[in-house]
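Participant: any chance you can model this:
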Amino acid sequence: MRPKERWLRHWGPWVGRGRFFGAGEVRLALLDLLKEEPKHGYQLMKELEVRSGGLYQASAGSIYPTLQQLEDEGLVVSEQRDGKRVYRITDAGLSELQNEKDSVRRIWQRAEGWEHWSQWMGPEAMTRAGPVARLMKAALSATSRAAGEPTRLVKVQEILERTRQELDQL
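Facilitator: Okay, the predicted model is just below:
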């Protein structure tokens, strides 16, 4: 793995991306989910949320127009079942997936990365962000003040290492 790839993996899947899905990726993700079994729109939205660890929450305004587009293209068909519109992938949709299998693989790899980081990005995690940010600011300030003084730099490193160890032991 190249250094840049290691850095990006370390800092999470959102680095360098403004959105979870790139152009055309929602349609591929939906096709891939429909490959497993027919589903209605709400099931697809929930599955996308689960696959991203809760960080991506699809809206009806993005899913249903995409499903309609897929239906217009003959990649899915739909039918009413128990008052819900259920979508099923067609042979043409399966062929589209086969042609885009590398793109689909990248989508789900990225989703796994988001799932891994979700514990650090959800609403509960945000309540911890303030204290962590203040600790980081204090550490950076202390390091700046200690510049050129090796014994003070060592002291800052010792404090940070001790703090890390105490947190690991909780």
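Participant: show me this structure divided up by domain.
Facilitator: For the chain, automatic domain parsing gives the domain ranges 3-121, 124-169.
Participant: you'd agree L48 is up against S59?
Facilitator: No: contact between L48 and S59 fails when scored by CB atoms under 8 Å: they sit 10.4 Å apart. C-betas here are computed from N, CA, C, even on glycine.
Participant: more crowded one of those two?
Facilitator: L48 (21 against 8; other CB atoms under 10 Å).
Participant: phi, psi for that one please.
Facilitator: phi -60, psi -40 (degrees, to the nearest 10).
Participant: from Q43, how far out is the closest residue to it other than its chain neighbours?
Facilitator: The shortest distance from L48 to any residue other than its chain neighbours is 4.8 Å, reached at A58 (CB to CB, 6 or more residues apart in numbering). Note on A58: its distance to Q43, by CB to CB, to the nearest Å, is 11 Å.
Participant: give me the below-cutoff pLDDT ranges for this structure.
Facilitator: 1-20, 53, 55, 113-130 (pLDDT under 70).
Participant: for it, what spans make up the helices?
Facilitator: 3-11, 25-36, 41-51, 60-72, 91-99, 101-121, 123-145, 150-169 (DSSP state H).
Participant: which one of those helices lies nearest to S78?
Facilitator: Nearest to S78 among these is helix 60-72 (5.9 Å), distances taken as CB to CB.
Participant: angle of the closest one against helix 25-36?
Facilitator: Helix 60-72 and helix 25-36 are oriented at 70 degrees to each other (axes from the mean of the first three to the mean of the last three CA atoms, to 10 degrees).
Participant: so what touches helix 60-72?
Facilitator: The contact list for helix 60-72 (CB atoms under 8 Å, 6 or more residues apart in numbering) reads 26-27, 30-31, 41, 44-45, 48, 76-78, 87, 93.
Participant: those, buried ones only, as a PyMOL selection?
Facilitator: Selection of the buried residues among those in PyMOL, burial being defined by 16 or more other CB atoms under 10 Å:
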select buried, resi 26+27+30+31+41+44+45+48+76+78+87+93
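Participant: from memory V77 sits against R88, does it?
Facilitator: Yes: the pair V77 / R88 is scored as a contact, 5.6 Å apart, by CB under 8 Å.
Participant: surely S52 and A111 touch.
Facilitator: Yes: with contact defined as CB under 8 Å, S52 counts as touching A111 (5.1 Å).
Participant: A58 and Q43: which has the busier surroundings?
Facilitator: A58 (23 against 16).
Participant: separation between the more buried one and R51?
Facilitator: On the measure of CB to CB, A58 and R51 end up 10 Å apart.
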